[in-house]
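Q: Need a 3D model of the following:
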Amino acid sequence: MAQPSVRGRTDRWGSLVEFWFRAHATLVYVFLYAPILVVVLFAFNDTQGVAARWQGFSLRWFDIALHDPVVLKSLANSFIIAIPNAILATLFGTMAALGLQRVGKRLRLAFDGLTYMSVIVPEIVIALATLVLFATSFDVIESATGAKLKFGHTTIIAAHVLFNTSLVLLLVRARLSGMDRTLVEASADLFATPWRTFRQITFPQLLPAIVAGFLLSFTFSFDDYVITTFVSGPGSSTLPLFIFGQVRRGVTPETNAVAAMILGFTLLMLLIGQVVLSWQARRAGRRDGGVAAVVVSEQV
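A: Next up, the predicted model:
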């Protein structure tokens, strides 16, 4: 009797392995996104208060959430904190990346270690350290000048900028390392000023990483809970703090509606960044992968 060939057995096992990998990937995506879809679905639930029991389609919980003064106040606080944080973190991170490009190797390695440490350290440790720093500094300032400082929007913004600057720095540094340096050298050979070289050569190539860093900083600040909890003060409660407070008393359709609107806003920000980068890439005559591709490639 003829024995099955080695190649036939290999092909059979290969197809089984491929099927298993595809099934495993499908299950992972279902595990990641099914809860999000459930939250969005039950935000449209026409119920009186039981969020987990479907009773028909309705938009009234979105209307209730948009007319809730506590939700609107928390939303305003989230924007007041996230926008300045994104601007400052993007500015400081980009400037630091450009500055580290011109320092010695040993100093650059030291700063790289500090940058990675701020990203790797657990967020709860950063939150506690920031709280101790602010509390100690406020006590020293009050004893020296008599001025009484309080926790609020400023302390939250400062704490978020401290963390998000490292993210922007890593993204821009990675983009700089892959940038074509011959264009900068050619610009210098043509007697262009450093500012003109940066404006016409360096900045357009860094723009995808800068936009990605801005969007990440904004999103992380808008969605942050741990650091915000430690350094917030009276009247500075953000939307994540509101949602957590609501969840402790039980999930309601209003909470689902707020979460769905946050998700929609995050996706809208990503879409706007994608459109801006695609438009800029078409003007420059090249094809970039957009915000998502920049975030993935630069972090890898």
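Q: hey, C-alpha coordinates of stretch 112-121 in CSV?
A: Provided in CSV are the C-alpha atoms of stretch 112-121 (Å, rounded to 0.1, in the frame of the first residue of the first chain):
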residue,chain,number,x,y,z
ASP,A,112,16.3,58.0,26.4
GLY,A,113,16.4,56.0,29.6
LEU,A,114,14.5,58.6,31.5
THR,A,115,11.9,58.8,28.7
TYR,A,116,11.3,55.1,28.5
MET,A,117,11.2,55.0,32.3
SER,A,118,8.3,57.5,32.4
VAL,A,119,6.4,55.4,29.9
ILE,A,120,7.1,52.0,31.5
VAL,A,121,6.5,53.1,35.1
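Q: mind listing what's buried in it?
A: Neighbour counts using 16 or more other C-beta atoms under 10 Å place 115, 118 of stretch 112-121 among the buried residues. Any C-beta I mention is one placed from the backbone N, CA and C, and that applies to glycine too.
Q: tally of neighbours for the nearest residue to residue 60 once chain neighbours are set aside?
A: Among residues not flanking residue 60 along the chain, residue 46 sits closest, at 7.1 Å (C-beta to C-beta, 6 or more residues apart in numbering). If you count neighbours by other C-beta atoms under 10 Å, residue 46 ends up with 13.
Q: Make sure residue 46 is actually in contact with residue 57.
A: Yes. The pair residue 46 and residue 57 passes the contact test of C-beta atoms under 8 Å, sitting 6.2 Å apart.
Q: Find me whatever residue is spatially closest to residue 244, sequence neighbours aside.
A: In space, and not counting its chain neighbours, residue 244 is closest to residue 225: 6.2 Å by C-beta to C-beta, 6+ apart.
Q: now do residue 148
A: Nearest residue to residue 148, sequence neighbours excluded (C-beta to C-beta, 6+ apart): residue 142, at 5.5 Å.
Q: wait, doesn't the one you found sit right on residue 149?
A: Yes. Using C-beta under 8 Å, residue 142 is in contact with residue 149, at 6.9 Å.
Q: So for the two, which sits in the more crowded spot?
A: Comparing residue 142 with residue 149 by other C-beta under 10 Å, the one with more neighbours is residue 149, at 16 against 12.
Q: list the contacts for that one?
A: 138, 141-142 (C-beta atoms under 8 Å, 6 or more residues apart in numbering).
Q: ok, 10 Å please
A: 134-135, 137-139, 141-142, 155, 233 (C-beta atoms under 10 Å, 6 or more residues apart in numbering).
Q: Let me know the secondary structure of it.
A: coil (DSSP: H, G, I helix; E, B strand; the rest coil).
Q: tell me the strands in this protein, going along the chain?
A: For the chain, strands defined by DSSP state E do not occur.
Q: Quick one: find the helix or strand in it with the lowest mean pLDDT.
A: In the chain, no helix or strand scores lower on mean pLDDT, DSSP states H and E than helix 290-299, which sits at a mean of 45.
Q: show me where pLDDT drops low in the stretch 201-300 of the chain?
A: Along the stretch 201-300 of the chain, segments meeting pLDDT under 70 span 280-281, 283-300.
Q: switch the cut-off to 90
A: By pLDDT under 90, the weakly predicted segments of the stretch 201-300 of the chain are 201-213, 215-216, 219-226, 232-300.
Q: Could you pull out the helices in the stretch 1-150 of the chain for me?
A: Counting by DSSP state H, counting those that start in this stretch, the stretch 1-150 of the chain has helices at residues 6-42, 60-66, 69-100, 105-120, 123-145.
Q: show me what contacts the residue nearest to residue 244?
A: Counting by C-beta under 10 Å, 6+ apart, residue 225 touches 123, 127, 238-241, 243-244.
Q: How much space separates it from residue 277?
A: From residue 225 across to residue 277, the span is 29 Å (C-beta to C-beta, to the nearest Å).
Q: Same question for residue 24.
A: The gap separating residue 24 from residue 277 is 32 Å, by C-beta to C-beta.
Q: So for these two, which sits in the more crowded spot?
A: Counted by other C-beta under 10 Å, residue 24 and residue 277 do not tie: residue 277 has more neighbours, with 21 against 10.
Q: Looks like that one contacts residue 207 (just checking).
A: Yes. Residue 277 lies in contact with residue 207 (C-beta atoms under 10 Å); the separation is 7.2 Å.
Q: one step back: can you tell me which of the contacts of residue 149 is nearest residue 213?
A: Using C-beta to C-beta, residue 155 comes nearest to residue 213 of the contacts of residue 149, at 22.5 Å.
Q: Name the member of the contacts of residue 225 that has the highest neighbour count.
A: Highest neighbour count within the contacts of residue 225: residue 238, with 27 neighbours (other C-beta under 10 Å).
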